[in-house]
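Colleague: sequence and predicted structure, then a few things I'm wondering about:
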Amino acid sequence: MSEFVGSHIKRLRKTHKMTLQQVAEFTDLSVGYLSLIERGRTSPTVANLHKICQALNITMADLFVNMENDNKCVRKENRRLLFDDPGRVKYEALTEGSRSIVSMCMHVLDEQVHEAVTHVADECGFIIQGSMILTIEGIEYSVGEGDSIYIPAGSAHSFCRTSDCPCISIWTAPAANYPFVSPSVFAAVRSSDSA
């Protein structure tokens with residue numbers, strides 16, 4: 001997984017005409033660490049992936065989408081593992097290819113509070129199993145099976161499983177190159193993070 005993610009980060013960085021130094025300055029991560037990620041020599045944390053995505057003006061889902069694969073149907077047994085922090089959180093791709101929206105499945109396995117970094121795009125989640133508390137901009141929302149929740153771009157948020165079983169949810173957001181993600185959203189997120 002880390003080689004795919006690393007090479008994709010490098011490709012996206014070059015597409016955005018950014019140097020490692022520029023990404024390092026935006027993310028507060030070292031050039032050496034970013035280079036190791038790009039070469040697949042280390043696996044970044046979810047928090048660091050969020051920082052890199054913000055620097056590249058993309059969503060986490062955009063980072064993991066397989067652009068070469070144009071499958072319109074992704075079977076459960078064929079879902080690509082995007083990120084796995086064993087016993088804590090796991091993300092799987094639900095969409096593949098160049099799409100106007102991207103979706104992923106999040107499994108929250110522990111009962112710890114997970115701080116998420118602000119995103120460059122709005123996202124919508126739907127709980128399919130279990131329950132959790134999502135805190136968005138300091139307001140707690142208790143959500144369970146069948147509930148949906150909307151997180152506006154640039155919103156600080158965290159999540160914590162509250163059910164006895166793993167909390168499984170589906171998350172959908174516009175793809176980074178889709179018109180709904182405007183440069184002004186990215187600028188707003190960037191300026192709020194530096195304040």
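Modeller: Perfect, I can see it now.
Colleague: contacts, neighbours, all on C-alpha from now
Modeller: Fine.
Colleague: tell me which residue lies farthest from the centre of this structure.
Modeller: If you look at how far each residue of the chain sits from its centre, by Cα atoms, centre = their mean, the farthest one is residue 164, at 24.9 Å.
Colleague: contact partners for the residue lying closest to that residue once chain neighbours are set aside?
Modeller: Ranked by Cα to Cα, 6 or more residues apart in numbering and with sequence neighbours excluded, the top spatial neighbour of residue 164 is residue 130, at 7.4 Å. Residue 130 sits next to 144-145, 161-168 when contact means Cα atoms under 8 Å, 6 or more residues apart in numbering.
Colleague: hmm, 6 Å instead?
Modeller: Residue 130 sits next to 144-145, 163, 165, 167 when contact means Cα atoms under 6 Å, 6 or more residues apart in numbering.
Colleague: neighbour count and pLDDT added to the residues you listed, as TSV?
Modeller: Converted to TSV, these look like this (neighbours: other Cα atoms under 10 Å; pLDDT from 0 to 100):
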residue	neighbour count	pLDDT
144	21	98
145	15	98
163	17	98
165	13	98
167	24	98
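Colleague: which one of the residues you listed is nearest residue 88?
Modeller: Distances from residue 88 to those, taken as Cα to Cα, are shortest for residue 167 (10.8 Å).
Colleague: and the closest one, what are its phi and psi?
Modeller: Dihedral pair for residue 167: phi -100, psi 120, per degrees, to the nearest 10.
Colleague: roughly how far does it sit from residue 108?
Modeller: Per Cα to Cα, to the nearest Å, residue 167 is found 5 Å from residue 108.
Colleague: could I have the CA atoms of the longest helix seen in the chain written out in CSV?
Modeller: In the chain, assigned by DSSP state H, the helix with the most residues is helix 2-15. Extracted in CSV, the C-alpha atoms of helix 2-15 (Å, rounded to 0.1, in the frame of the first residue of the first chain):
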residue,chain,number,x,y,z
SER,A,2,2.7,2.5,0.9
GLU,A,3,4.4,2.3,-2.5
PHE,A,4,1.1,3.0,-4.3
VAL,A,5,0.3,5.9,-2.0
GLY,A,6,3.8,7.3,-2.2
SER,A,7,4.0,7.2,-5.9
HIS,A,8,0.6,8.7,-6.2
ILE,A,9,1.5,11.6,-3.8
LYS,A,10,4.6,12.3,-5.9
ARG,A,11,2.6,12.3,-9.2
LEU,A,12,0.0,14.6,-7.6
ARG,A,13,2.7,16.9,-6.2
LYS,A,14,4.4,17.2,-9.6
THR,A,15,1.0,17.8,-11.3
